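S.K.: sequence unknown, structure follows:
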């Protein structure tokens, strides 16, 4: 009996809502959606590094003068999310003999290390050939980070090398920071 009464009251209430001239129902309710695309973008102030002519075992820094300058280049997060920036290098190619990127300089092998402003004068970020290494973690939106590199020439050059100009590429890759 209670169930019949409850159902009857519900039907009466619903009927009264539809029959009442003052009742208004939304015919087409809407849901507003807002969304923002994640933009991962970074710029770097220095796009090239002309080391010039060097002797075996020379140490040269990524700077205007070739001497140590911890804040020579600057990363800028131009996207809209915090980012991590990683670095990777390549072998130096050109002339009769290429130089291999290596952890330590040795005959026909060079080394390259980077630093960031958080560790001045300490070049402890190895620039690797086959993997990326973290250069700067959690770079906030619109933030900048200073950085530099230290190049150590091979301890010996191949005697038959023609002395032609050689080149390599350093790649910086930004990705969304994930704590």
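M.R.: The structure has been received and is ready for your questions. Since we're looking at a predicted model, the values are computed, not measured.
S.K.: gap between residue 171 and residue 98?
M.R.: To residue 98, residue 171 is 18 Å away according to CB to CB, to the nearest Å. In short, each C-beta sits where N, CA and C put it, glycine included.
S.K.: who has more neighbours, these two?
M.R.: residue 98 (15 against 11; other CB atoms under 10 Å).
S.K.: So for that one, what's the pLDDT?
M.R.: Here, the pLDDT recorded for residue 98 equals 95.
S.K.: Make sure it is actually in contact with residue 92.
M.R.: Yes - between residue 98 and residue 92 there is a contact at 6.3 Å, judged by CB atoms under 8 Å.
S.K.: shared neighbours of these two, anything?
M.R.: Contact criterion CB atoms under 8 Å, 6 or more residues apart in numbering; residues shared by residue 98 and residue 92: residue 166.
S.K.: List the contacts of the helix or strand containing residue 75.
M.R.: Element membership of residue 75, judged by DSSP states H and E, is strand 73-77. For strand 73-77, the external contacting residues (CB under 8 Å, 6+ apart) are 41-46, 62, 83, 85, 135-136, 139-148, 172, 174.
S.K.: which SS class is residue 84?
M.R.: Assigned by DSSP: H, G, I helix; E, B strand; the rest coil, the conformation of residue 84 is strand.
S.K.: Skipping its backbone neighbours, what lies nearest residue 171 in space?
M.R.: In this structure, residue 171 finds its nearest non-sequential neighbour in residue 88, 5.0 Å apart by CB to CB, 6 or more residues apart in numbering.
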